[in-house]
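[1] Sequence plus predicted model, see below.
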Amino acid sequence: GEDVEQSLFLSVREGDSSVINCTYTDSSSTYLYWYKQEPGAGLQLLTYIFSNMDMKQDQRLTVLLNKKDKHLSLRIADTQTGDSAIYFCAERAYSSASKIIFGSGTRLSIRP
Amino acid sequence: GAVVSQHPSRVICKSGTSVKIECRSLDFQATTMFWYRQFPKQSLMLMATSNEGSKATYEQGVEKDKFLINHASLTLSTLTVTSAHPEDSSFYICSARYDGNEQFFGPGTRLTVL
């Protein structure tokens, strides 16, 4: 079966780096995603990584994938107040008919 | 990037009435559309997957007679919540995918059933 887990909350000082972690169980995962959701809004795709990659960097965002441990992380450098949101980790796997399965989401709050 | 719209963005209805939510892909043809529901402070739960011209595939525990999905064209899918009750109040989000890896999400529709 498929399961994606994340910690529920993260608090970071403005200007520091934020690291949001995620674990998944389905070894047939092909793509792993990070989505951002601001209050009352839909989901914005931030980045995604293919399962044969270890790392992907896109400006302030760095995604690390440890396929052996089924662990995914999202690092946001120089965290700003506009980064406050809920961040969802998600996977897409052959075993689940290529549906996207979401984690519970991590609420990132920024303190001055 | 590809844009998916939803209408209405908010709807309030009385218990027992039916509500229709539209999901449109504005600048691409979506071979597959997905409907999710999100309770407050919770994750997105997939309700059903629909392919244009065929019946939707519902996830376990989702009543297909209560949540009617129609995907009549490559740019439009509708979700009708029939005989809505207060426990159906939720945030409903659709997404659309063409023959690619990305799934584009709509802005969501907040349904409140009184």
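    Here it is on my side, so go on.
[2] Quickly list what the spatially most central residue of chain B is bridged to.
    Against the mean C-alpha coordinate of chain B, by C-alpha atoms, centre = their mean, the closest residue is residue B:35 at 3.7 Å. Note on residue B:35: beta-bridge partners by DSSP bridges are residue B:48, residue B:94.
[3] Return the distance of it relative to residue A:87.
    To residue A:87, residue B:35 is 22 Å away according to C-beta to C-beta, to the nearest Å. For every residue, glycine as well, the C-beta is placed using N, CA and C.
[4] Break down chain B into its strands, ranges please.
    Here chain B has its strands, by DSSP state E, at B:4-7, B:10-13, B:19-25, B:32-38, B:44-51, B:57-58, B:67-73, B:76-81, B:90-97, B:104-105, B:109-113.
[5] Redo these as CSV? Include mean pLDDT.
    Converted to CSV, the strands of chain B look like this (pLDDT from 0 to 100):
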stretch, mean pLDDT
strand B:4-7, 95
strand B:10-13, 96
strand B:19-25, 96
strand B:32-38, 93
strand B:44-51, 91
strand B:57-58, 94
strand B:67-73, 91
strand B:76-81, 96
strand B:90-97, 93
strand B:104-105, 89
strand B:109-113, 96
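[6] For residue A:93, find the nearest of the ones you listed.
    Closest to residue A:93 of the strands of chain B, according to C-beta to C-beta: strand B:44-51, at 13.0 Å.
[7] Can I get that closest one in CSV? Just the C-alpha atoms.
    Provided in CSV are the C-alpha atoms of strand B:44-51 (Å, rounded to 0.1, in the frame of the first residue of the first chain):
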residue,chain,number,x,y,z
LEU,B,44,-6.1,16.0,0.3
MET,B,45,-8.0,12.8,-0.1
LEU,B,46,-8.6,11.5,-3.6
MET,B,47,-12.3,11.0,-4.3
ALA,B,48,-12.3,9.9,-7.9
THR,B,49,-10.4,9.8,-11.2
SER,B,50,-12.2,10.6,-14.4
ASN,B,51,-11.2,10.1,-18.0
